[in-house]
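Asks: Quick check, what structure comes out for this input:
(3 chains)
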Amino acid sequence: MSVTPVTTPAVTATNVVLSGRGLHKSFGGNRAVNGADLDVSEGTITALIGPNGAGKSTVVNLISGLLPPDAGEVRLAGEDVSGWPSHRIAQRGLIRTFQLSRELQGLTVLENLLVTPIAQKGEALVNIFLRPRAVRREERANVERAVEILRDYGLYHVRDNWARALSGGQKRLLELARAVMAQPRILLLDEPMAGVNPALVDQIGDHILKLRTDGITVLMIEHNLGVVERICDHVIVMAEGRTLATGRMSDLRDNPEVVHAYLGGVLDARLDS
Amino acid sequence: MHQFWLAVGFGLVTASVIAVAAVGLSLQFGITNYINFAYGDFMALGAYFAWELNAGFLHWNIWVAMVAGALLVGVFAVLVNQFVLGPFARRFEKIFYVLIVTFALSLIILSLVTSIWGADVRRFNMPSENPLHIGPFLLSVDQLIVIGIGLVLMVVVHLLLTMTRLGKSMRAMSDSTTLAMTSGIDTRMVTTVTWFLTGILSGLAGVVLGITAASIVPSFGETFLFVIFAAVIVGGVGSVYGAILGAVIIGMVTEISAVFINPAYKLDTSFVVLILVLLFRPSGIFARVGKA
Amino acid sequence: MAPILYYGFTLLFFFAAYCVLGWGLNLQFGESGILNFAYIAFVAIGAYIAGVTSSGPPLPGSGQSYVLGATLPFPLGLLAGGVASCLLAVLVAFIAFRRLRSDYLAMVLISISLVMYDFINNYVPLFDGADGLNSVPMPLASTLGLNANSFLIFFAVLTVVIGAFMWLIMSRITRSPLGRTLRAIRDDPDVVSALGKNVFRYQLTAMLIGAFYAGIGGGLIVEFSSSFNTSAWTVPETFIIFAALIIGGLGNNVGVMVGAFVVPVLFTQLPKFIPDIPGHPGLILNLEGAVIGVLLILTMWFRPQGIIPERVRRPDRFLARRTVAAPADAIDADQVDATASPEAAAVDAETVR
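Replies: This is a model prediction of the structure:
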């Protein structure tokens, strides 16, 4: 399949804050990612769509550093971060969520958020014993910020519950809230609405829109094309481990290769949902 | 140089012992996806069952006692999986629960063996013979039989994995249990059979270890465990063929090292190999994707 | 004085010592999720180093041989043991913690413990092999003019004091943000890494602090008993500490204390009071291990959280500003009944999976 790029004004070379070039990743004999390219502009909400097995989750794993790419390059705000371990990439402001909610089960909901800030004073032995006041002050500030986010996401009333006791929808919200607490510059969301009821889908969509107004760049894997059309500025289509097309959802709908990748009629059905 | 070749001969014997043990461990790990920390004690159990049949009142030939002992451990392993390990593995998502259960089993088996047979050194009842000169090697008949057992078992396991439906099911489950289940493989049955096999192999390994070491004590399997772990890790955890290769490497290194250093430390050299592998190629030689 | 009194103080000593050992392993395992099956090796190093740095050089004709015959006064030998254990932790962490799954790590750790045991047993010049150290001077005994009996009582009480002090330190650590991050790593290291924290550095910290506790515990044991050899640190000894933690309750320091009482003290001592079965001397003692193992399996099945379950921590209880609950709280897309008891949820959630 050839790549037919459909460029839109949203993506220009100057404001690309995250880019991947020629990414490859194989597992045994399986080529999960086979030459994927992507560009994400600052301050936009970009969707990464494609049929199952297209390699979307793997690309996200490569970009976030969970897996090292076999070949290719990842750039974050111009800096080459290919093959960096995930904690270093996260320190540069790129935070990701997971497709299956990975709440920290042995912690409460509130603690899940409090664990997020990177270099907390209270994590250093020296501070714990010699500067307890400074530690307490920072804790207080973090707690206030966390509580605000929890209220915003409707999780305040379960803040002292074990995170594992939450319902599926609440866990999705927690996954997002925790990422927001990390004050990311770029947020990678892996199917943020997976398995969630329709009312919550809209709610999560609204939260993501609000992130954009806060200046956060979002790249999200999403299957629900209605959602994509509602909130995303830009769309990247992947199939068989490669980037197939990019552009606005409305333009891509008419792109024969994109339609073909989704096996014809299935694409139309999803757009009506 | 003469010493070197003698050592190579002994290396073949040690490699066979380790290989039988390591393959048993690898087969079970491939299917269940957790390490059985009581494996060394399974080996000891096999040795003591065989001892009871051989040097106890039945006076069976050691090789017959070995097979019988191994079968008993196989049954024991199936029961342990059925009533203890299986339920824990199914109930808890976090792996450490079942690992600690195997750790507990290790102590339970050790205590029971010590209670029943005592802590004194025991020996198998075997005719003592003079070693034979086979090429550059100097090996006794028993040692040759042990090498033979190793070879035969490797071939049998290889044929099992490649030619039988059971073997193919095992390989499928080793790659992905969920995929295997959806392909219609009876995972419970395969798991049970795998435990039977790992029990047999561990029992055989315990007896041949007792034969080559010429003595058994209740903890001798446990203290040998690090050698088996070294072989498995060097070869690549999860790979049966890696386990065989690792066994050969470790077996050779330990025996050849005895030429240069005090033989009391020869087993410790396997640990040195393990460290080197961990530093330079942590996933082992035949790294299995998804297991490392 | 009645022998029962000395017995009681001996138990008190071992209770306190096992508490220290337990808190160390709890930080590594209960809080950070590191399956350190080699823990007893760290205890042993602490004991050996504390012993040889307090004993002075081996006397010729005593049949003993060991390295480092210094004669450090009391707390220094103990601290040397703690430091030695930390050095082992650094070595182990840098060799074994590189991207290894928790069960492979456990394999390597237990191998380290077995190899150390084998080597120290065989290489006599190091720590006198299987005979071990056996004339470690009783600390402060000469300065305080104590004989063996009064020293026993004195040192038991001293150990309790040291234990209390070490409890305060560990409490501070586990209640701090560091403790919280360690617990997060226990639950899901990938997530913590994806949030920007260097997981290895935290694991190293947990290993170091835990090893220090192990070393101090070992040092206390050798200075109380005046002797220490390889039979004191076989694999079952690591198991007993794990059993104490799990039965007492993982992830909390009080649970450690309960466990330290129940397992190493109660369970290893009770069999001594059961009369031997005629014709089978020593059977009861041998079965002890089996009983502890069975007890552990039963506990993990029926009450996995242990006697004292890990409690909910509420960082906002004293810190957050009191605000009126905003109306937004009432609007939740998911009308879920927040589970009343976090503890019930704990057991339920484990079984649900």
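Asks: give me phi/psi at A:Met238?
Replies: With angles defined as degrees, to the nearest 10, A:Met238 sits at phi -120, psi 150.
Asks: Okay, and the beta partners of it?
Replies: For A:Met238, the beta-bridge partners under DSSP bridges are A:Thr243.
Asks: Could you check what's spatially nearest to B:Val64, not counting adjacent residues?
Replies: What sits nearest to B:Val64 in space, not counting adjacent residues and going by CB to CB, 6 or more residues apart in numbering or on different chains, is B:Leu53, at 7.7 Å. (Each C-beta comes from the backbone N, C-alpha and C, glycine too.)
Asks: tell me which element that neighbour falls in.
Replies: For B:Leu53, the element it lies in under DSSP states H and E is helix B:39-54.
Asks: what does C:Arg313 give?
Replies: For C:Arg313, there is no host helix or strand (DSSP H and E).
Asks: My read is that it contacts C:Ser176, right?
Replies: No - applying CB atoms under 8 Å, one finds C:Arg313 not in contact with C:Ser176, separated by 10.8 Å.
Asks: Out of those two, name the residue with the larger neighbour count.
Replies: Of the pair C:Arg313 and C:Ser176, C:Ser176 is the one with more neighbours under other CB atoms under 10 Å in any protein chain shown, namely 23 against 18.
Asks: What are the phi and psi values at that one?
Replies: Main-chain torsions, C:Ser176, degrees, to the nearest 10: phi -90, psi 170.
Asks: coming back round to it: next helix or strand past the helix holding B:Leu53?
Replies: Remark: after helix B:39-54, the chain's next helix or strand is helix B:62-80, criterion DSSP H and E.
Asks: Let's see that next one as CSV, backbone CA atoms only.
Replies: Output of helix B:62-80 as CSV, limited to C-alpha atoms (Å, rounded to 0.1, in the frame of the first residue of the first chain):
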residue,chain,number,x,y,z
ILE,B,62,19.1,-49.0,41.3
TRP,B,63,18.0,-48.3,37.8
VAL,B,64,14.6,-49.9,38.3
ALA,B,65,14.3,-48.0,41.6
MET,B,66,15.2,-44.9,39.8
VAL,B,67,12.3,-45.2,37.3
ALA,B,68,9.9,-46.2,40.1
GLY,B,69,11.0,-43.3,42.2
ALA,B,70,10.7,-40.9,39.3
LEU,B,71,7.1,-42.0,38.6
LEU,B,72,6.2,-41.5,42.3
VAL,B,73,7.5,-37.9,42.1
GLY,B,74,5.5,-37.5,38.9
VAL,B,75,2.4,-38.4,40.7
PHE,B,76,3.3,-36.2,43.6
ALA,B,77,3.9,-33.3,41.3
VAL,B,78,0.5,-33.8,39.7
LEU,B,79,-1.2,-33.9,43.1
VAL,B,80,0.7,-30.8,44.3
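Asks: In CSV, list the C-alpha atoms belonging to the next helix or strand after it.
Replies: Using DSSP H and E, the helix or strand that follows helix B:62-80 in sequence is helix B:86-91. The C-alpha trace of helix B:86-91 is given here as CSV (Å, rounded to 0.1, in the frame of the first residue of the first chain):
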residue,chain,number,x,y,z
GLY,B,86,-3.0,-24.7,40.4
PRO,B,87,-5.5,-23.0,42.7
PHE,B,88,-3.0,-20.4,43.8
ALA,B,89,-1.9,-19.6,40.2
ARG,B,90,-5.5,-19.2,39.1
ARG,B,91,-6.6,-17.1,42.0
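Asks: Averaging pLDDT per element, find the lowest-scoring helix or strand in the chain.
Replies: This is for chain A. One helix or strand of chain A scores below all others by mean pLDDT, DSSP states H and E: helix A:265-271, with a mean of 48.
Asks: wrong one, I was asking about chain B
Replies: When the helices and strands of chain B are scored by mean pLDDT, DSSP H and E, helix B:177-182 comes last with a mean of 77.
Asks: If you count neighbours, what's buried in that helix?
Replies: For helix B:177-182, the neighbour count (16 or more other CB atoms under 10 Å in any protein chain shown) marks B:177, B:180 as buried.
Asks: For the closest residue to chain C within the stretch 101-250 of chain A, list the residues it contacts.
Replies: For the stretch 101-250 of chain A and chain C, the shortest gap (CB to the nearest CB) falls at A:Gly122, measuring 3.2 Å. Counting by CB atoms under 8 Å, 6 or more residues apart in numbering or on different chains, A:Gly122 touches A:128, A:135, A:138-139, C:176-178.
Asks: Need the residues you listed in a markdown table (columns: pLDDT and secondary structure).
Replies: Output for the contacts of A:Gly122, formatted as a markdown table (pLDDT from 0 to 100; DSSP: H, G, I helix; E, B strand; the rest coil):
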| residue | pLDDT | secondary structure |
| --- | --- | --- |
| A:Ile128 | 92 | helix |
| A:Val135 | 93 | helix |
| A:Glu138 | 93 | helix |
| A:Glu139 | 93 | helix |
| C:Ser176 | 93 | coil |
| C:Pro177 | 94 | helix |
| C:Leu178 | 96 | helix |
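Asks: ok, and the most crowded of these?
Replies: Compared across the contacts of A:Gly122, C:Leu178 has the highest neighbour count, 25 neighbours, by other CB under 10 Å.
Asks: do you know how far it is from chain B?
Replies: As judged by CB to the nearest CB, to the nearest Å, C:Leu178 and chain B stand 21 Å apart.
Asks: contacting residues around that residue?
Replies: A:122-125, A:128, C:202, C:205.
Asks: go with 10 Å
Replies: Neighbouring residues of C:Leu178 by CB atoms under 10 Å, 6 or more residues apart in numbering or on different chains: A:120-125, A:127-128, A:135, C:31, C:172, C:202, C:205-206, C:209.
Asks: Give me the ChimeraX select line for those residues, limited to the buried ones.
Replies: Typed into ChimeraX, the line below selects the buried ones among those, using 16+ other CB under 10 Å:
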select /A:120,121,122,123,124,125,127,128,135 /C:31,202,205,206,209
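Asks: From the contacts of C:Leu178, which land in helices?
Replies: Among these, the ones falling in helices (DSSP state H) are A:125, A:127-128, A:135, C:172, C:202, C:205-206, C:209.
Asks: Pick the one among the residues you listed closest to A:Val81.
Replies: Among those, C:Tyr202 lies closest to A:Val81 (CB to CB), at 22.0 Å.
Asks: sorry, back to before: would you format the ones in helices among the contacts of C:Leu178 as TSV with distance to A:Arg212 included?
Replies: Shown next, in TSV, are the ones in helices among the contacts of C:Leu178 (distance: CB to CB, whole Å):
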residue	distance to A:Arg212
A:Leu125	40
A:Asn127	36
A:Ile128	38
A:Val135	34
C:Arg172	42
C:Tyr202	33
C:Thr205	38
C:Ala206	39
C:Ile209	43
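Asks: Among those residues, give me the pair with the biggest separation.
Replies: Based on CB to CB, the longest span within the ones in helices among the contacts of C:Leu178 runs between A:Val135 and C:Ala206 and measures 18.4 Å.
Asks: helices and strands around the strand or helix carrying C:Leu12, which ones?
Replies: Under the criterion of DSSP H and E, C:Leu12 resides in helix C:3-25. In terms of contacts (3 or more CB pairs under 10 Å, 6 or more residues apart in numbering or on different chains; DSSP states H and E), helix C:3-25 is packed against helix C:39-55, helix C:148-175, helix C:199-225, helix C:235-248, helix C:253-260, helix C:268-273.
Asks: Go through that helix and flag the buried ones.
Replies: C:9-25.
Asks: Kindly indicate whether B:Phe224 is helix, strand or coil.
Replies: Here B:Phe224 is recorded as helix under DSSP: H, G, I helix; E, B strand; the rest coil.
Asks: quick one: it and B:Ile250 touch, right?
Replies: No - under the criterion of CB atoms under 10 Å, B:Phe224 is not in contact with B:Ile250, lying 11.3 Å apart.
Asks: sorry, back to before: would you mind extracting the C-alpha trace of the helix holding C:Leu12 into PDB?
Replies: The C-alpha coordinates for helix C:3-25 follow below in PDB (Å, rounded to 0.1, in the frame of the first residue of the first chain):
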ATOM      1  CA  PRO C   3      16.300 -20.500  84.300                       C
ATOM      2  CA  ILE C   4      12.800 -19.500  83.100                       C
ATOM      3  CA  LEU C   5      13.900 -15.900  83.500                       C
ATOM      4  CA  TYR C   6      16.900 -16.400  81.200                       C
ATOM      5  CA  TYR C   7      14.800 -18.200  78.800                       C
ATOM      6  CA  GLY C   8      12.300 -15.400  78.800                       C
ATOM      7  CA  PHE C   9      15.000 -12.800  78.100                       C
ATOM      8  CA  THR C  10      16.500 -14.900  75.400                       C
ATOM      9  CA  LEU C  11      13.100 -15.000  73.700                       C
ATOM     10  CA  LEU C  12      12.800 -11.300  74.200                       C
ATOM     11  CA  PHE C  13      16.100 -10.800  72.500                       C
ATOM     12  CA  PHE C  14      15.200 -13.000  69.500                       C
ATOM     13  CA  PHE C  15      11.800 -11.300  69.200                       C
ATOM     14  CA  ALA C  16      13.500  -7.900  69.000                       C
ATOM     15  CA  ALA C  17      16.200  -9.100  66.600                       C
ATOM     16  CA  TYR C  18      13.700 -10.700  64.300                       C
ATOM     17  CA  CYS C  19      11.700  -7.500  64.400                       C
ATOM     18  CA  VAL C  20      14.700  -5.700  63.000                       C
ATOM     19  CA  LEU C  21      15.300  -8.400  60.400                       C
ATOM     20  CA  GLY C  22      11.600  -8.300  59.500                       C
ATOM     21  CA  TRP C  23      11.500  -4.600  59.000                       C
ATOM     22  CA  GLY C  24      14.400  -4.800  56.700                       C
ATOM     23  CA  LEU C  25      12.800  -7.500  54.500                       C
END
